[in-house]
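J.: With the sequence up front, the predicted model follows.
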Amino acid sequence: MSIADANHSSSHWAYYRLLIPIKIMRFGTEYGEKLGRAVGELPKLAKPVSKLKIPSRSGGRRIRVHVHKNAAALGSEKPTAVHLNWHGSGWILPGLGSDSEFIRQTLHHPSMTSYPLTILDCDYAKSPEYPCPMDAEDARDVYDYVLQNPDLYDPNKITVGGFSAGGSIALGLSVEVGHEARMRARSEGVPDEKFVHPIRAVFSVYPVATWEGPREVVRVPKEVRDLPGMVLPLWFSKYITNAHLFPPKRNTGLSWEEEKRRKEELVHRPIVSTLNADPDDFSPIVTIYTAQYDHLMRGAEELRTKLKEESRVRVFGRKVMGVGHGWDQLVKKGQFGYAERDETYDGGARLIAMAGDIEVLRQT
């Protein structure tokens, strides 16, 4: 996604020209996924042990959260480690529950056998009805809910993660919380080298790390057939950009140039384009996986390199070759990309274990 694709009108006409096709896409996505799960083309939904509705600070809404626990957590009366997960959506489509296979594999991972873990699978604001930065605000509201319930969740064992838009949200939350905590620690005379980030680790898969600059063009060689995943078309990226960056109120009265400047300021914020963040604001462990045939790859690869070179962050992950965006959701056992999916999910589970000081054998 890139601000270069943005339309800078805030009129009612511009809004409904976005909203109507997006609602049609939502309908198709929702029922397409139901059909896909019914016929076995998509993984079955993981069944949560409970569901929450957490108040959102914006829009008079409630944020839907599915609560999942491993066997160790179900048998524990003490606060558990907690991982917050956000799904992919392009910021416009439904997707709560779409990371079921990752959740299942993580809860049953060998490193979690005696490590009580709760995964909160979280929904968030969708555009253009609730545009940027309301998605980030929803993530912060869920994080604050966790802190407000220390009898349920261990505040010293919080990790975050997500896929696509959700991976971006997780990185942004880490940066926001980290910056606030680091500035507070400095004001209290705590040296930077002794600063402890409140979020122990971030697991991010094919995220958007920057909205600035031109959109990267991805070309798939003709000899590549049966590509796992998707190459997001330009028209879809334009819908995402225009919807997500649309003003919270229509007919703002801003000129084209004024609205353009508003968008430019918005996407420059570190919680939106995390490539702009101070490396010291990130969690101490960050894993980023990207996909070769994905135009979101450039910024995420740059971010992983930046963190490796300019910070004390332990950085893991890699570019997965030969796959497109969302390949892990679509690939089937025996197909190319399936082993890479398991490696990626294994990396997420190991990150959570590492953040909880659980010994693991390796990290890709």
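T.: Happy to help now that I have it.

J.: C-alpha from now on. contacts and neighbour counts both.
T.: Fine.

J.: Give the helix, strand or coil label for V67.
T.: Assigned with DSSP: H, G, I helix; E, B strand; the rest coil, V67 falls in the strand class.

J.: what sits against it?
T.: Neighbour list for V67: P48, V49, S50, K51, L52, T118, I119, L120, D121 [criterion: Cα atoms under 8 Å, 6 or more residues apart in numbering].

J.: List buried residues within these.
T.: The neighbour-count test (16 or more other Cα atoms under 10 Å) marks P48, T118, I119, L120, D121 as buried among the contacts of V67.

J.: doesn't W86 make contact with the third one?
T.: No - under the criterion of Cα atoms under 8 Å, I119 makes no contact with W86, lying 10.5 Å away.

J.: that older thread, which one among the contacts of V67 gets closest to D346?
T.: Nearest to D346, judged by Cα to Cα, of those is I119 at 15.3 Å.

J.: Please give the element, helix or strand, for that closest one.
T.: Using DSSP states H and E, I119 falls within strand 117-122.

J.: swap in T287?
T.: strand 285-293.

J.: Can you list the buried residues in the helix or strand following that strand?
T.: Using DSSP H and E, the helix or strand that follows strand 285-293 towards the C-terminus is helix 297-310. The neighbour-count check on helix 297-310 (16+ other Cα under 10 Å) flags M297, R298, G299, A300, E301, L303, R304, L307, K308 as buried.

J.: Quick one: list the elements packing against helix 297-310.
T.: Applying 3 or more Cα pairs under 8 Å, 6 or more residues apart in numbering; DSSP states H and E, one finds that helix 297-310 contacts strand 285-293, strand 314-316.

J.: helices or strands up against whichever helix or strand comes after the last one?
T.: Put plainly, it is strand 314-316. As assigned by DSSP H and E, the chain's next helix or strand after strand 314-316 is strand 319-324. Counting by 3+ Cα pairs under 8 Å, 6+ apart, the packing neighbours recorded for strand 319-324 are strand 285-293.

J.: Quick check: the two most widely separated of the buried ones among the contacts of V67?
T.: With Cα to Cα as the measure, no two of those lie farther apart than P48 and T118, at 10.4 Å.

J.: Identify the contacts common to the two.
T.: With Cα under 8 Å, 6+ apart as the test, P48 and T118 both reach V67, H68, K69.
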